[in-house]
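Visitor: one predicted model, sequence on top.
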Amino acid sequence: MKILLISPTLQGIGGIAQHVRDLIKFLKEHGHDVDVISSENIPTIPFKKLKNPSFLISSFFKTKFMKSYDIVHAQHPIAALAMRNVSGKKILTIHGIYSQQIGMLHGTLSSKLSNKFEKNAFSWADAITAGSKEAFDYYNKLGAKVFFVPNAIDIKSLPSGFDTRYEKQIIFAGRLSKEKGILTILETAKNLPKDIHLIIIGAGPEENLVIESAKNLDNVHFLGYQPKEKTIPLIRGSTLLIQPSFAEGISATLLESMACKTPIIATNIGGNKELLIHNKTGILIEPGNSNELLKEIMRMLNDQNLRDEIARSAYDEVQKYDWSNVGQLYLNLYEKLLKS
């Protein structure tokens, strides 16, 4: 098959970028020709509020006179306008609930506008896939024709090794933004015992607050953005991974932590609830509750047996999210569309 993937991003530690990179790898390994349009190979404005709108416009003109493909696969609604230009069977993948995410970041008016654009984007697609059951249920209720294809990771390709820098080491790896719960983490860090060391990896709008916290607290260590070759050993070498998000689909970071046998404390929302069963494959807490996060960190650090049991169960659970299984779901959908 000749396939065009359109994604707002292809680099970095973000979930969409990683998903697209792994999908490209899977498709090429199975003998398909893949072209990609992303902000890395077309002009965009590299500022927070302008990057996505500029990608929408730039990708639209990039595809205006492109040749046809068997499959045109857009990742994220802002890639849908470019998708519309190209001949071929069209698929739109939704990572989370788009209008809700926009509302959380930019307010009610932006949410309403994004909701309208999202409905248009759906009308341009021959099929829509959702990466979490929460998003699948949400869009199904709106009358959209949605297929559930979960996010995935390539377990066998995860970098090897352990990077343990402190006896009691916990880690957060992700975007440094409010919706990812970084403010909850920084509030919790103020009350962490001094022998518990928190490593923070990532970049984002709240980076200055993280830097300030690391300056003021000897047991908070900010490493900035790190490539996967360094991030995975740090996750594997940590006692716990924490991710107190306010909104989340099926998180690649959580999948990686499960594959690394590093127990997780995450919030009881979105895709987290699909991946983790409380006290069995992870620990679930309420969003925005720094006291509960601290309490569960202490409980987990003091209970080796619980950590071991959760790590084993989570490792067994994550196998069904490997690309060897999920990638075939995409191929089945591609073939179904081509036959229709």
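Guide: Nice, thanks for sending it over.

Visitor: wait, R165 sits on N219?
Guide: No. In terms of CB atoms under 8 Å, R165 does not count as a neighbour of N219; the distance is 11.4 Å. Bear in mind the C-beta positions are built from the backbone N, C-alpha and C, glycine included.

Visitor: show me which of these two is the more surrounded one.
Guide: N219 (18 against 12; other CB atoms under 10 Å).

Visitor: need the contact list for that one.
Guide: Contact analysis of N219 by CB atoms under 8 Å, 6 or more residues apart in numbering lists A189, L192, K194, D195, I196, H197, L198.

Visitor: now S213
Guide: By CB under 8 Å, 6+ apart, the contact set of S213 is L186, A189, V220, F222.

Visitor: in helices only, show me the contacts of N219.
Guide: Taking DSSP state H as the definition of helices, the contacts of N219 contribute A189.

Visitor: joint contacts of R165 and N219?
Guide: A shared contact of R165 and N219, defined by CB under 8 Å, 6+ apart, is any residue touching both; here these are H197.

Visitor: hang on, the earlier thing: of the contacts of N219, which is the most crowded?
Guide: In terms of neighbour count, L198 stands highest of the contacts of N219 at 26 neighbours, by other CB under 10 Å.

Visitor: go ahead and confirm it touches A189.
Guide: Yes. In this structure L198 lies within contact range of A189 using CB under 8 Å: 5.5 Å.

Visitor: mind listing the shared neighbours of these two?
Guide: Counting by CB under 8 Å, 6+ apart, the contacts common to L198 and A189 are N219, V220.

Visitor: ok so, going back, rebuild the contacts of N219 as CSV, extending it with pLDDT.
Guide: Below are those laid out as CSV (pLDDT from 0 to 100):
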residue, pLDDT
A189, 98
L192, 98
K194, 97
D195, 97
I196, 98
H197, 98
L198, 98
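
Visitor: and for D33, the neighbour number?
Guide: By the other CB under 10 Å criterion, the neighbourhood of D33 contains 12 residues.

Visitor: how about it: what's its closest non-neighbour residue?
Guide: Sequence neighbours aside, K2 is the residue nearest to D33 in space, at 4.9 Å (criterion: CB to CB, 6 or more residues apart in numbering).

Visitor: my read is that H30 contacts L331, right?
Guide: Yes. H30 lies in contact with L331 (CB under 8 Å); the separation is 6.9 Å.

Visitor: can you pick out the residue with more neighbours from these two?
Guide: In this view H30 and L331 are compared by other CB under 10 Å, and L331 has more residues nearby, 15 against 11.

Visitor: any idea which helix or strand carries the more buried one?
Guide: Take DSSP states H and E as the rule and L331 turns out to sit in helix 323-339.

Visitor: distance from that helix to the middle of the chain?
Guide: Centroid separation between helix 323-339 and its chain, computed with CA atoms, centre = their mean, to the nearest Å, is 21 Å.

Visitor: show me what counts as buried in it.
Guide: Under the neighbour-count criterion of 16 or more other CB atoms under 10 Å, helix 323-339 has W323, V326, G327, Y330, L333, Y334, L337 buried.

Visitor: packing partners for that helix?
Guide: Under the contact criterion of 3 or more CB pairs under 8 Å, 6 or more residues apart in numbering; DSSP states H and E, the helices and strands touching helix 323-339 comprise helix 15-29, strand 71-75, strand 89-94, strand 127-130.

Visitor: let's see 7 Å
Guide: Counting by 3 or more CB pairs under 7 Å, 6 or more residues apart in numbering; DSSP states H and E, the packing neighbours recorded for helix 323-339 are helix 15-29, strand 89-94.

Visitor: direction included, what does whichever helix or strand comes after the longest one pair against?
Guide: Next along the chain after helix 15-29, taking DSSP H and E as the criterion, comes strand 33-37. The strands that strand 33-37 pairs with in its sheet are strand 2-6 (parallel) (by DSSP bridges).

Visitor: contact partners of the partner strand?
Guide: 20, 23-24, 27, 32-37, 59, 69-75, 79, 82-83, 86 (CB atoms under 7 Å, 6 or more residues apart in numbering).

Visitor: related to what we said a few turns ago, using CSV, write out every CA atom in the helix holding L331.
Guide: Output for helix 323-339, consisting of C-alpha atoms alone and laid out as CSV, is shown next (Å, rounded to 0.1, in the frame of the first residue of the first chain):
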residue,chain,number,x,y,z
TRP,A,323,2.7,-2.9,18.1
SER,A,324,2.7,-6.5,16.9
ASN,A,325,-1.0,-6.7,18.0
VAL,A,326,-2.1,-3.1,17.5
GLY,A,327,-0.4,-2.5,14.1
GLN,A,328,-2.4,-5.4,12.7
LEU,A,329,-5.6,-3.7,13.7
TYR,A,330,-4.6,-0.7,11.5
LEU,A,331,-3.7,-2.9,8.6
ASN,A,332,-7.1,-4.7,8.9
LEU,A,333,-8.8,-1.3,8.8
TYR,A,334,-6.8,-0.1,5.8
GLU,A,335,-7.7,-3.3,3.9
LYS,A,336,-11.4,-3.0,4.8
LEU,A,337,-11.5,0.6,3.5
LEU,A,338,-9.8,-0.3,0.3
LYS,A,339,-12.3,-3.1,-0.4
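
Visitor: count of residues packed around the nearest residue to A311 once chain neighbours are set aside?
Guide: Excluding the flanking residues, the one nearest A311 by CB to CB, 6+ apart is K261, at 4.2 Å. Applying other CB under 10 Å, we find 16 other residues in the vicinity of K261.
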